[in-house]
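Novice: Everything below, folded, please.
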Amino acid sequence: MIDLPRGVRVSDSRIEYGSEQALPLIVADTAQCRAVFALQGAQLLSFAPVGDEDWLWLSPKAVFSDGAAIRGGIPLCLPWFGVNRRDATLPKHGFARQREWQLLEASSDEDGLVLRFAIEPAPDEQARFPWMYSAQVVYRLGRELACELVICNRSQQSLPLSFAMHSYFAAETAAASVQGLGTGDYLDNTQGLAKCRLSTVQRFDGEVDRVFEQVGGVQELATGKGSLAIAGQGCDTVVVWNPGATLAEKMDDVAEHYNEYICVERGMAFADELLLAPGSCHRAYMRVWRP
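Specialist: Numbers count the residues shown, from 1 in each chain. A predicted model of the protein is given here:
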C-alpha cells in the first residue's frame, strides 16, 4: 500500500475524507479491500484486496497539488486522450484528470465498495473546447476492481470523443509481459506513430509506448509477482507504456522508479475515436482481477 499523506483518516468498514494540504482524498477500508481515491480526477490511487499487495502503482514522487496531474493509480483521460488531434495547444489527456469531481455516492457493504463521481465542463473550458458534455464514473471494489465510465454529449453538435482509463499497475518491469494484444498490429509512439507488428508477447526492455487499436478482449499482465487480467467493453483501444530509464530521467515524478510499473490502458482512441451524436452517451466498462 502507499504511504498515506498527513491528515488522511482511516476507519475499518467506513469511508472518510482526509486531505493532503489542498488535495482532498478518500480512504476506505472494507472487509474485502482497502482503497484510496483523490477527488481530483476521481482518481483511484491505491487498491489492495485483503491479504494481497497493491495492484496499482503510485509514484513516490507524485505531486499532490491542486491542478497538477497525479502520477499513478488510474487517471481518467477525457474528453480526449493524449495530444488533442484537432488542437495540439489543448492540455494533454483532456481537462478531467486535473479537475475536482463531485462525489455522488459512497457506500460499503458485504459486497464491497461503491463510489460514484461526476463532472461537467468548467466555464473556462468552453472557449477552448466548445462541446458540452458530462461524465460519471462508478468504481466497484471488492476482491476485484471494476470501473464504469459514462460520457454524454450535452451539446447540439456531434462530440469528437476519445478517452482512456490510464491504469498504472505495480510490476517489476524487467520481468513483466502483456499477452492478449489481438493481431499484434500497433502504432509506435516512439517512432512517430509508425505502424508496426508485435510478433511475440509484449515485453519491456526500454521505452515502450504502443497503441493497439480495435483489440478489446482480455489482456493478461505478468507483473513479476503474479498476474492480472484486464478486460472491458466499450474500450477497445489498448495502450501499453513504460518510459524506460532514459525518458524517466527527464520525468521528475518518475525518475529512478520507472522500473516499478507497467501501464495497460483501456479506452477509445486513434482509429477507435468516437463521434458522439447530440444527446447520446457512451459507456465503457473495465474489470481487473487475479486470473
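Novice: got the contact list for Y258?
Specialist: 173, 242-245, 247-248, 251 (C-beta atoms under 8 Å, 6 or more residues apart in numbering). All C-beta spots, glycine's among them, are computed from the backbone N, C-alpha and C.
Novice: What distance do you get for it to W55?
Specialist: Applying C-beta to C-beta, to the nearest Å, the value for Y258 to W55 is 19 Å.
Novice: one step back: out of the contacts of Y258, name the ones that lie in helices.
Specialist: 244-245, 247-248 (DSSP state H).
Novice: so how many other residues sit close to the closest residue to L44 other than its chain neighbours?
Specialist: Ranked by C-beta to C-beta, 6 or more residues apart in numbering and with sequence neighbours excluded, the top spatial neighbour of L44 is I74, at 4.6 Å. Residues near I74, counting by other C-beta atoms under 10 Å, number 27.
Novice: can you tell me how far I74 sits from V211?
Specialist: Taking C-beta to C-beta, one finds I74 at 18 Å from V211.
Novice: doesn't S108 make contact with L115?
Specialist: No. Using C-beta atoms under 8 Å as the test, L115 is too far from S108 to be in contact (9.4 Å).
Novice: farthest residue from the center of the chain?
Specialist: Each residue of the chain has a distance to the centre, and by C-alpha atoms, centre = their mean the biggest one is for Q156: 28.8 Å.
Novice: In which helix or strand does that residue reside?
Specialist: Using DSSP states H and E, Q156 falls within no helix or strand.
Novice: Tell me where the model's unsure across the stretch 151-291 of the chain.
Specialist: Counting by pLDDT under 70, the stretch 151-291 of the chain shows no low-confidence range.
Novice: re earlier: redo the contacts of Y258 as a markdown table? Include distance to K225 and neighbour count.
Specialist: Compiled in a markdown table, the contacts of Y258 are given as follows (distance: C-beta to C-beta, whole Å; neighbours: other C-beta atoms under 10 Å):
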| residue | distance to K225 | neighbour count |
| --- | --- | --- |
| T173 | 12 | 21 |
| N242 | 16 | 24 |
| P243 | 21 | 20 |
| G244 | 21 | 18 |
| A245 | 21 | 14 |
| L247 | 24 | 15 |
| A248 | 21 | 18 |
| M251 | 24 | 14 |
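Novice: Per-residue pLDDT of A22, please?
Specialist: On pLDDT, A22 comes in at 54.
Novice: meant to ask about R85, not that
Specialist: We have a pLDDT of 85 for R85.
Novice: Next one: the residue nearest to L90 when sequence neighbours are not counted from R128, what distance?
Specialist: In this structure, L90 finds its nearest non-sequential neighbour in N84, 4.2 Å apart by C-beta to C-beta, 6+ apart. Noted for N84: a distance of 10 Å to R128, by C-beta to C-beta.
Novice: One more: F64?
Specialist: 26 Å.
Novice: E260 too?
Specialist: Distance, E260 to R128, by C-beta to C-beta: 35 Å.
Novice: Next: L159.
Specialist: Distance of L159 to R128, given as C-beta to C-beta: 14 Å.
Novice: now swap in H257 and tell me
Specialist: H257 is 33 Å from R128, by C-beta to C-beta.
Novice: neighbour count winner among those two?
Specialist: Just comparing H257 and R128: by other C-beta under 10 Å the higher neighbour count belongs to H257, 18 against 13.
Novice: Now for the more buried one: which residues touch it?
Specialist: So H257 contacts 59-61, 248 (C-beta under 8 Å, 6+ apart).
Novice: Greatest separation within those: which pair is it?
Specialist: Using C-beta to C-beta, the pair of the contacts of H257 lying farthest apart is P60 and A248, separated by 12.9 Å.
Novice: Which parts of the protein are helices?
Specialist: For the chain, the helices defined by DSSP H occupy 123-126, 244-248.
Novice: Pipe those helices into TSV and attach distance to V27 per row.
Specialist: As requested, these are exported to TSV (distance: least, C-beta to C-beta, whole Å):
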stretch	distance to V27
helix 123-126	29
helix 244-248	29
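Novice: Looking at these, which is nearest to E144?
Specialist: Closest to E144 of the helices of the chain is helix 244-248 (C-beta to C-beta; 29.8 Å).
Novice: now for the closest one, which elements pack on it?
Specialist: Other elements packing on helix 244-248 under the criterion 3 or more C-beta pairs under 8 Å, 6 or more residues apart in numbering; DSSP states H and E are absent; no helix or strand qualifies.
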